[in-house]
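Q: pasting the structure only:
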């Protein structure tokens, strides 16, 4: 049973994600996490500002329950199912991040520079977290979906729009990591 | 009863994202550097099996657990929104190192700064809602 405490390999994790997609389809629903962000806007009263948020959010209650489950899953996985929070990233990635000023890359699950509690009092880290979140939220809704809605369920349903969106995700991601990161780190 | 099923699916999803390290900022960075097969293996195997099950559901008109027909709506066909929106999403995905699923998993795992990312993502969604009519779709 020791394997369960170690990081799970891709050939276990990928099929599990496919099972989650299948279970949601069999429940008569779809797999898409970013639509929950829109539901949260509606719950906060965003319908007063734009018709985009005028819908019966209770119809999306099931998806908010999936989110609640994902939070619980994060608690369970990080406490009961893990005894070490390091991430075995490639040696090239480690040396690359060290050169950018990251301390001990991969030693913790998330980089201290952005995700240690002290990052909340660092103006630069805070600004990067805010910009990152804004881009993810804005982009996901503009594209009509995120990694789960387009890369997993959309591609599985052979949707050309999803392929275009995934190509966009990679253009954006590669631009950030290869062109913008050298300017900010 | 149905709520418990969705809660169970969410828990399985959260555990899988955390244990696969797909929720780690480092794995997203490594993916965009093409330094490891790990993330491509996860997405590739999920899509391959997802493709088979989705096509089987459609071909054999498999019914839901509750006996209703399963309808998977196609995405609308205007391609501009997918490329523009996709690029904006990708920039944020690489910077924050988390997309909308992993964000909540990381909240559960206790990384407090992710609250800033989640709140900003909700505000980003709100900004899209107000600017929607001015954007090319």
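A: Nice, I can see it. Just so you know, these numbers come straight off a predicted model, no measurement behind them.
Q: secondary structure class for residue A:32?
A: Here residue A:32 is coil, with the state taken from DSSP: H, G, I helix; E, B strand; the rest coil.
Q: just checking, it touches residue A:145?
A: Yes - here residue A:32 reaches residue A:145: they are 5.7 Å apart, a contact under CB atoms under 8 Å. Any C-beta I mention is one placed from the backbone N, CA and C, and that applies to glycine too.
Q: quick one: which of those two has more around it?
A: When neighbours are counted by other CB atoms under 10 Å in any protein chain shown, residue A:32 and residue A:145 differ, and residue A:145 comes out ahead with 31 against 23.
Q: Can you tell me the centre-most residue of chain A?
A: By CA atoms, centre = their mean, the mean C-alpha position of chain A lies nearest to residue A:147, the distance being 7.5 Å.
Q: quick one: it and residue A:106, what's the gap?
A: From residue A:147 over to residue A:106 the distance is 22 Å, taken as CB to CB, to the nearest Å.
Q: got the buried residues for the longest helix along chain B?
A: Determined from DSSP state H, the single longest helix within chain B is helix B:38-59. Using 16 or more other CB atoms under 10 Å in any protein chain shown as the test for burial, helix B:38-59 gives B:38-39, B:41-43, B:45-47, B:49-51, B:53-54, B:57.
Q: and what of stretch A:161-170?
A: Of the residues in stretch A:161-170, A:161, A:162, A:163, A:164, A:165, A:166, A:168, A:169, A:170 count as buried by neighbour count, 16+ other CB under 10 Å.
Q: quick one: which of these is nearest chain B?
A: Nearest to chain B among the buried residues of stretch A:161-170, counting by CB to the nearest CB, is residue A:168 at 1.9 Å.
Q: The closest one - that's part of a helix, no?
A: Yes - assessed with three-state DSSP, residue A:168 lies in a helix.
Q: For residue B:65, which non-adjacent residue is closest in space?
A: Distance criterion CB to CB, 6 or more residues apart in numbering or on different chains; nearest residue to residue B:65, sequence neighbours excluded, is residue A:26 at 5.3 Å.
Q: What is the neighbour count of the one you found?
A: Count around residue A:26 with other CB under 10 Å applied: 17.
Q: Distance check, residue B:54 against residue B:108.
A: From residue B:54 to residue B:108 the distance is 28 Å (CB to CB).
Q: my bad, residue B:89
A: Using CB to CB, residue B:89 is found at 23 Å from residue B:108.
Q: if I read this right, residue B:102 contacts residue B:25, doesn't it?
A: No - under the criterion of CB under 8 Å, residue B:102 makes no contact with residue B:25, lying 9.2 Å away.
Q: one step back: now for the buried residues of helix B:38-59: which two are most distant?
A: Using CB to CB, the buried residues of helix B:38-59 span at most 28.5 Å, a distance reached by B:38 and B:57.
Q: residue ranges of the helices in the chain, please?
A: Going with chain A. Applying DSSP H to chain A gives helices spanning A:10-26, A:35-43, A:61-79, A:91-99, A:112-115, A:123-142, A:155-156, A:160-175, A:181-184.
Q: Switch to chain B, please.
A: B:2-19, B:25-32, B:38-59, B:80-96, B:100-108, B:114-131.
Q: quick one: which of the ones you listed is nearest residue A:110?
A: Nearest to residue A:110, of all the helices of chain B, is helix B:25-32, at 5.1 Å by CB to CB.
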